[in-house]
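J.: Sequence and predicted structure are below.
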Amino acid sequence: MRIEFPKKLAFLFKPAPYKIAYGGREGTKSWGFASALLEKGTQESLRILCVRETQTSIAASVHQLLVDTIKRLQIEHLYRVQETTIFGTNGTEFIFAGLKHNVNNIKSLEGADIVWVEEAQTVSKDSWDTLLPTIRKENAEVWVSFNPKLATDDTYKRWVLNPPPGAIVVKIGWEDNRWLSGISKARIEHMKLTNPRDFRHIYGGECLSEVEGAIFGAEYKAALEGERIGSVPYNKAKPVVTVWDLGFNDPTAIWFLQAYDGWFNFIDYLESTDETTADYVVKLQSKGYMYDIDWVPHDSIDTITHHRLNGTADRSKSIEMLLREARRNVRVIPKLLITDQVNSARLFWNQCRFDAVKCADGLQALAHFQWDVREAKPEEIDPRAGKDDGKVRKGKEPVHNWASHASSAFMGASIAVKQPRNPPPPVAQHIEREVGFGWG
């Protein structure tokens, strides 16, 4: 077999525990990884686990990319393609999974020789912390490919800013792709001239200061600059309030916060998929917090909308009813228009402090929460707006994606949770010393 690779991907054939390729589009990262894995799979029998953060079906995996690569390399005689797996004639096996939906199952997938994490920019801290300890086989390797989004994303910090010992980290882009088509070259050059900001991110692989149409971009930046994202330990003297966004095939998101001393202190965050209400009650109890109120969304009183969270065949009980039966102190968040929710949350941000470790996944979602945007028509661009980038909001609703659930719960918190009166200064100082906030 003779395969041509960009020089920058030669490291894929060198032994290393972690192999990371990042950069802009048209950099041959996915193509190169697929070709290299298929080639290595013909040389020895390997168990190769291919994962993404979210994979709702095999079509959302790299399965088709590998099938196309097998045909392009003309090695159909060396691989047997099945609907959900790919087998080599020598025993090599490709397995496909989503981290967010199957993270507990992946814990049991021991014996993987190579784990390829594709589109890793959206992988959460919790998913990385669950996946990596399962890779225990001697000389096993983790391959990571992604297009960066924000410098605050866990993947970028983990693999680019603070790579572990033994990691090979390579930035690769369109300029390293000598197979680039004429159409692609023309498109890239046009964007470089007409929209340098988008060019630097999309093709140059540079991180954005915030995502396009970021709803809480300014508030998130202010929290970072104000050192309100740091260490926020649990104060045993204060009750914990939880605020929920419900889902089953979609994630359920839960924020944990304590309100005192004039601050809303977010001490923890939980997100999971395909679990029942009883499962979440157990998870909450296992954290050992002293709880006050569980705030749930307005649709929690509907017995049909979230019936799969019920966990039983009885569809006559709503999630709110089930939580009450579990002796939880439940209240329902009033329903508001999305614009009112956003405005409430923007005001709320200035009073919030977040634990950077336990709230990492929730914070990443808040940073990526965005309005849908489109190219602006010439008459829609305000010539007085010096920073206008030629984009306008496409609709009145935010984009519904992986970042929506934590953000919905956070907006719910801004509506539901009330700040108690500040205690007298001596008491406030005593509590601050006792809790020991450490910012930065």
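T.: Looks like it arrived, so ask away.

J.: Please tell me I have it right and Leu323 contacts Thr276.
T.: No - using CB atoms under 8 Å, Leu323 is not in contact with Thr276; the gap is 11.6 Å. Yep, even glycine has a C-beta here, placed from its N, CA and C like the rest.

J.: Which of these two has more residues huddled nearby?
T.: Comparing Leu323 with Thr276 by neighbour count (other CB atoms under 10 Å), the higher total belongs to Leu323, at 21 against 17.

J.: which SS class is that one?
T.: helix (DSSP: H, G, I helix; E, B strand; the rest coil).

J.: tell me the contacts of it?
T.: In this structure, Leu323 makes contact with 277, 281, 294, 296, 300, 330, judged by CB atoms under 8 Å, 6 or more residues apart in numbering.

J.: cool, and Arg200?
T.: Counted by CB under 8 Å, 6+ apart, Arg200 has contacts Glu206.

J.: Use 55 as the first number for this chain going forward.
T.: Let's use 55 as the start, then, which means that last one is Arg254.

J.: So for the helix or strand hosting it, mean pLDDT?
T.: If you go by DSSP states H and E, Arg254 is part of helix 250-256. pLDDT averaged over helix 250-256 equals 91, rounded to a whole number.

J.: Name the residues of that helix that are buried.
T.: Buried residues in helix 250-256, defined by neighbour count with 16 or more other CB atoms under 10 Å: 252-256.

J.: Only alpha carbons, please: show stretch 82-95 as CSV.
T.: Taking Å, rounded to 0.1, in the frame of the first residue of the first chain, the C-alpha atoms of stretch 82-95 are listed here in CSV:
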residue,chain,number,x,y,z
THR,A,82,-6.3,17.1,5.8
LYS,A,83,-6.6,16.2,9.5
SER,A,84,-9.5,13.8,9.2
TRP,A,85,-8.4,12.4,5.9
GLY,A,86,-4.9,11.9,7.2
PHE,A,87,-6.0,10.2,10.4
ALA,A,88,-8.4,7.9,8.6
SER,A,89,-5.7,6.9,6.1
ALA,A,90,-3.1,6.3,8.8
LEU,A,91,-5.4,4.2,10.9
LEU,A,92,-6.4,2.0,8.0
GLU,A,93,-2.8,1.5,7.0
LYS,A,94,-1.7,0.6,10.6
GLY,A,95,-4.7,-1.7,10.8
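
J.: now the buried residues of helix 250-256 in JSON lines, with distance to Tyr274?
T.: Supplementary listing: the buried residues of helix 250-256 in JSON lines, determined by distance: CB to CB, whole Å:
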{"residue": "Asp252", "distance to Tyr274": "21"}
{"residue": "Phe253", "distance to Tyr274": "24"}
{"residue": "Arg254", "distance to Tyr274": "21"}
{"residue": "His255", "distance to Tyr274": "18"}
{"residue": "Ile256", "distance to Tyr274": "22"}
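
J.: before we move on, the earlier item: ok, which pair from the contacts of Leu377 is furthest apart?
T.: The most widely separated members of those, counting by CB to CB, are Val335 and Ser354 (13.8 Å).

J.: what about these two, which has more around it?
T.: Here Val335 and Ser354 are set side by side on neighbour count (other CB under 10 Å), and the busier one is Ser354, at 25 against 17.

J.: Give the full set of residues in contact with the more buried one.
T.: Contacts of Ser354 were listed using CB under 8 Å, 6+ apart, and they are 298, 300, 360, 372-374, 377, 386.

J.: Any figure for the gap between it and Arg369?
T.: 14 Å (CB to CB, to the nearest Å).

J.: Low-confidence ranges, the stretch 55-204 of the chain, go.
T.: In the predicted model, the stretch 55-204 of the chain carries pLDDT under 70 at residues 55-56, 155-163.

J.: So this structure: which segments form each domain?
T.: For the chain, whose domains are defined here by automatic domain parsing, the residue ranges read 61-233, 271-489.

J.: could you show me where the strands are in the stretch 105-254 of the chain, in order?
T.: Counting by DSSP state E, counting those that start in this stretch, the segments of the stretch 105-254 of the chain that form strands are 133-135, 140-142, 147-152, 168-171, 195-200, 221-225.

J.: oh, I was asking about the stretch 255-404 of the chain
T.: For the stretch 255-404 of the chain, strands defined by DSSP E, counting those that start in this stretch occupy the ranges 283-284, 294-299, 306-314, 317-326, 345-350, 384-386.

J.: Can you check which of these gets nearest to Trp197?
T.: Nearest to Trp197 among the strands of the stretch 255-404 of the chain is strand 317-326 (25.5 Å), distances taken as CB to CB.

J.: Other residues contacting that closest one?
T.: Residues from elsewhere that reach strand 317-326, judged by CB under 8 Å, 6+ apart: 178, 180, 286-289, 294, 305-313, 333-334, 337-338, 341, 343, 402, 405-409, 412-417, 459-460, 467, 471, 473.

J.: So for stretch 230-247, mean pLDDT?
T.: The model assigns stretch 230-247 a mean pLDDT of 92.

J.: Could you list the buried residues of it?
T.: Applying a neighbour-count criterion of 16+ other CB under 10 Å, the buried positions in stretch 230-247 are 230-231, 242, 245.

J.: Check stretch 263-279 too.
T.: By neighbour count, and taking 16+ other CB under 10 Å as the criterion, the buried residues in stretch 263-279 are 264-271, 273-274, 277-278.

J.: just how off-centre is that stretch within its chain?
T.: The gap between where stretch 263-279 is centred and where its chain is centred comes out at 16 Å by CA atoms, centre = their mean, to the nearest Å.

J.: go on, stretch 202-216?
T.: On the basis of CA atoms, centre = their mean, stretch 202-216 is displaced by 12 Å from the centre of the chain it belongs to.
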